[in-house]
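Undergrad: quick one: sequence plus predicted model below, questions after.
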Amino acid sequence: MKRDSMKAWMRYVAARGAAVGSALTLSGMMMLSSGLGKTPALAQENRPRLSYSQLLEKIEAGEVSAVEIDSEQNLARVKLDSEKETIEVRIFDRNPQLLEALKANQVEFGEQQTASSSAMMGILTNLLLIMLLITGLMMILRRSSQATGQAMNFGKSRARFQMEAKTGVNFDDVAGIEEAKEELQEVVTFLKTPEQFTALGAKIPRGVLLIGAPGTGKTLMAKAIAGEAGVPFFSISGSEFVEMFVGVGASRVRDLFRKAKENAPCLVFIDEIDAVGRQRGTGIGGGNDEREQTLNQLLTEMDGFETNNGIIIIAATNRPDVLDTALLRPGRFDRQVIVDLPTYQGRLGILQVHARDKKLDRFVDLEAISRRTPGFSGADLANVLNEAAILTARRRKEAITPLEVRDAIDRVTVGLTLNPLLDSKKKRLIAYQEVGHSLVRTQLKNADPLDKTTILPRSGGLGGFSSWVPDEDIEGLYSRAWILDQITVSLGGRAAEVEVFGADEITDGASNDLKKVTNLARKMVTLYGMSDLGQLALENPGNEVFLGRDLMPRSEYSEAVATQIDRQIRDIAMTCYEKARRILREHRPLMDRLVDLLLERETIEGDEFRNIIAEYTQVPGQKLVKSL
Ligand code: ADP
């Protein structure tokens, strides 16, 4: 009997698994476990119990009035004459004996199936899982179809250009590039009163190319033209046209011109046009399909729109040499305006523009700042004044003082000041290097005067530095003597190391100086014709393969000349190095005193440096400079 009931039990479990008919093992297992955990017979503890054999006995004895058989759960619900409640009796899969006994004793019986609650649970779990799977699949499908849609609409829907109805900038905000301003004044008239020109039969130019280094104010200038003419300003960068998909750039160009035509008269500004307008069919592999298509589209659009319809395109680049010649022909960017780095006067003008909205102390001398910032672009100068204002706010001062301006210049050029080094051999070594540079500088006739020397470390990894005051009279035009002195000063650091610590103790700290020296010496020989090799330009700068035209940079000389160039460069470096060492050897006590002072103070200003030197020696013909 016991074995029989075990078998029945197992069949029961198997039957329930089959009833769900699940292909999912997971939910099958869940069902199994839930079935195991909750047996219906066990749930009815307080009811009177009957075993199968007892049931048969009761039927024989005529004590049973009705039986309801549930074949799904293998239960018989028995109604006894003596009991009010029905009693559940576990029965087998097939019960021929029971049926016979029921029939023989004429007991009323029937079949009623109740769905097992755990089986229902199983079905529900499975349904839920299937539904989850379907929703997941649908979401993935929808997302991928969206992506395809996006890829197809790349060029159209995501127009990357910006439109400003009013730029709020005018010519007063642009300083220091007067020539460019004068040339572009005309463009304002084209946009404002085109009749003035068309009446005479003149065609209004379509494109102007602004050529100049980054930060010289090309974008600002274009905005100022739009602002002066009171027309909308569209701007896009050349690199925005270039995409992974071929044809997208071209469609963006079409889009841009369509929008511009709708808003004419207007000004379209394309920054970094070299990103798309580079000479076609060049570079490694013969060029880039996408870029060329974009450029072709740009050329077609520029040809396509009728003249005098009030759209003027202004493009900016700092590499006009790499532009496709088709872009530069009349009818396209036929006007080219150079926007140079500002000169002394220009810088002063730019500083005045940016000082308008800043609170400056009365001691701040814009002329002095301009004098000390050759090579700075308009953007650099704007940055200096802004940094100075930030420093002033941080130091809780009322107005920007010369000190903040000086710190801001240092910050823009050499990075943030860090905490002073602790006294160590390293600090002493850096002090000797810096005093080496500065002392050599003060002893050379053609070198620019010293501004200051410091051993306060900077965020760029710089241990210290010495700055000088450039001579605005010769800005941008340097003599052989000046360059040679510059090389000698650069070698002052290494010369000091050797003089003081010996050849074995030299450090890699001079590597930047050496790079600068080699660079200058090479230029003297191969570009400026300043060596014994004669007045020849032996190299062709700016022919980098990735930017320009030639696949291989072409050298203009033979192997024999290459050897001579190397020798000349070495001669220049060696002569200057010997000179630097001689100067330092002759001033050894002075150098030691300056190093001690520098170690104590971290920074020595140019004037003080010169005063100390004057106690020891006569400074040959150097101008005294007014500090900031
Ligand atoms: P570019 O387009 O040549 O790279 P930007 O026109 O973007 O340079 O210049 C950046 C910022 O530098 C300008 O917003 C402006 O504040 C400042 N700037 C540059 N040049 C001048 C200038 N000539 N006059 C006044 N500010 C200038």
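TA: Cool, the structure landed. Residues are numbered from 1 along each chain as shown.
Undergrad: contacts, neighbours, all on C-alpha from now
TA: OK.
Undergrad: tell me the helices and strands packed up against the helix or strand Ala431 falls within.
TA: Ala431 is part of helix 425-442, with elements assigned from DSSP states H and E. Judged by 3 or more CA pairs under 8 Å, 6 or more residues apart in numbering; DSSP states H and E, the packing partners of helix 425-442 are strand 450-454, strand 465-468, helix 480-490, helix 492-501, helix 559-586, helix 588-601.
Undergrad: looking at these, spot the one closest to the ligand.
TA: strand 465-468 (24.2 Å; CA to the nearest ligand atom).
Undergrad: on contacts alone, who are the packing partners of that closest one?
TA: Strand 465-468 packs on helix 425-442, strand 450-454, going by 3+ CA pairs under 8 Å, 6+ apart.
Undergrad: comparing those, which comes out most buried?
TA: Mean neighbour count, computed with mean count of other CA atoms under 10 Å, is highest for helix 425-442 among those, reaching a mean of 24.
Undergrad: thought Phe333 was touching Arg206?
TA: Yes: shown here, Phe333 and Arg206 form a contact pair, counting by CA atoms under 8 Å, at 6.9 Å.
Undergrad: pLDDT at Leu624, what is it?
TA: Predicted confidence (pLDDT) for Leu624: 43.
Undergrad: ignore what I typed, I meant Leu129.
TA: So, for Leu129, pLDDT stands at 94.
Undergrad: what about it, distance to the ligand?
TA: 58 Å (CA to the nearest ligand atom, to the nearest Å).
Undergrad: that residue belongs to a helix?
TA: Yes: looking at Leu129 with DSSP: H, G, I helix; E, B strand; the rest coil, it is inside a helix.
Undergrad: of the helices and strands packed on strand 465-468, which is nearest Ala175?
TA: strand 450-454 (27.1 Å; CA to CA).
Undergrad: so what does that closest one touch, helix or strand wise?
TA: For strand 450-454, the packing partners by 3+ CA pairs under 8 Å, 6+ apart are helix 425-442, strand 465-468, strand 603-605, helix 606-616.
Undergrad: remind me which residues of the protein are low pLDDT?
TA: Residues of the chain that meet the criterion pLDDT under 70 lie in 1-48, 113-118, 145-161, 243-246, 280-290, 304-308, 475, 541-556, 617-628.
Undergrad: show me what from it comes close to the ligand.
TA: 173-177, 214-220, 350, 378-379, 382 (CA under 6 Å from any ligand atom).
Undergrad: show me just the buried residues among the residues you listed.
TA: 174-177, 214-220, 350, 378, 382 (16 or more other CA atoms under 10 Å).
Undergrad: what about the residue nearest the centre of the chain, distance to the ligand?
TA: Closest to where the C-alpha atoms of the chain average out (CA atoms, centre = their mean) is Ser239, at 13.7 Å. Separation of Ser239 from the ligand (CA to the nearest ligand atom): 14 Å.
Undergrad: spatially nearest residue to that residue (excluding sequence neighbours)?
TA: Excluding its sequence neighbours, the residue lying closest to Ser239 (CA to CA, 6 or more residues apart in numbering) is Ala275, at 5.4 Å.
Undergrad: so who does that neighbour touch?
TA: Applying CA atoms under 8 Å, 6 or more residues apart in numbering to Ala275 gives the contacts 238-239, 242.
Undergrad: which of the residues you listed lies closest to Phe465?
TA: The closest of these, once distances to Phe465 are taken by CA to CA, is Ser239, at 37.5 Å.
Undergrad: separation between that closest one and Val517?
TA: 36 Å (CA to CA, to the nearest Å).
Undergrad: Leu129 now?
TA: 74 Å.
Undergrad: pick out whichever of those two has more residues nearby.
TA: Val517 (24 against 14; other CA atoms under 10 Å).
Undergrad: quick check on that one: phi, psi?
TA: Torsion angles at Val517 (phi, psi; degrees, to the nearest 10) stand at phi -60, psi -50.
Undergrad: what about the residue nearest to it when sequence neighbours are not counted, how many neighbours?
TA: Nearest non-adjacent residue to Val517, counting by CA to CA, 6+ apart: Ile487, 5.4 Å away. By other CA under 10 Å, 26 other residues sit near Ile487.
Undergrad: now Val78, what's its secondary structure?
TA: strand.
Undergrad: would you confirm that it contacts Ile87?
TA: Yes: between Val78 and Ile87 there is a contact at 5.0 Å, judged by CA under 8 Å.
Undergrad: circling back to that earlier point, need the winner for burial among the helices and strands packed on helix 425-442.
TA: helix 492-501 (a mean of 24).
Undergrad: show me where the stretch 51-200 of the chain has its strands.
TA: With strands called from DSSP state E, counting those that start in this stretch, the stretch 51-200 of the chain shows them at 64-70, 75-80, 86-90, 108-111, 162-164.
Undergrad: out of these, the one nearest Phe197 is which?
TA: Using CA to CA, the strands of the stretch 51-200 of the chain put strand 162-164 closest to Phe197, at 26.6 Å.
Undergrad: the closest one: which residues count as buried?
TA: Those would be Met163, for strand 162-164 by 16+ other CA under 10 Å.
Undergrad: what of stretch 390-399?
TA: So stretch 390-399, judged by 16+ other CA under 10 Å, has buried residues 391-392, 399.
Undergrad: for those, which one is nearest the ligand?
TA: Of the buried residues of stretch 390-399, the one sitting nearest to the ligand (CA to the nearest ligand atom) turns out to be Leu391, at 18.6 Å.
Undergrad: how far does stretch 520-527 sit from the chain's center?
TA: 35 Å (CA atoms, centre = their mean, to the nearest Å).
Undergrad: ugh, wrong one, stretch 445-457
TA: 35 Å.
Undergrad: quick check: end-to-end length of it?
TA: Stretch 445-457 end-to-end distance (CA to CA) = 29 Å.
Undergrad: and if you look at stretch 186-204?
TA: End-to-end for stretch 186-204, by CA to CA: 10 Å.
Undergrad: what's that stretch in contact with?
TA: 225-226, 228-231, 265-266, 307-308, 310-312.
Undergrad: over to stretch 503-515?
TA: In contact with stretch 503-515 (CA under 8 Å, 6+ apart) are residues 490-491, 493-494, 497-498.
Undergrad: widest-spaced pair of the residues you listed?
TA: Longest span within the contacts of stretch 503-515, CA to CA: Ser490 and Val498, 14.2 Å.
Undergrad: if we can go back for a sec, could the helices and strands packed on strand 465-468 be laid out in CSV, adding distance to Thr294?
TA: Listed next are those as CSV, based on distance: least, CA to CA, whole Å:
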stretch, distance to Thr294
helix 425-442, 52
strand 450-454, 50
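Undergrad: tell me which of these lies nearest to Arg254.
TA: Going by CA to CA, the one of these nearest Arg254 is strand 450-454, 54.3 Å.
Undergrad: quick one: strands adjacent to the closest one?
TA: strand 465-468 (antiparallel), strand 603-605 (antiparallel) (DSSP bridges).
Undergrad: contacts for the last one next, please.
TA: By that I understand strand 603-605. So strand 603-605 is contacted by 451-456, 598 (CA under 8 Å, 6+ apart).
Undergrad: show me which positions of that strand end up buried.
TA: So for strand 603-605, counting by 16+ other CA under 10 Å, buried means 603-604.
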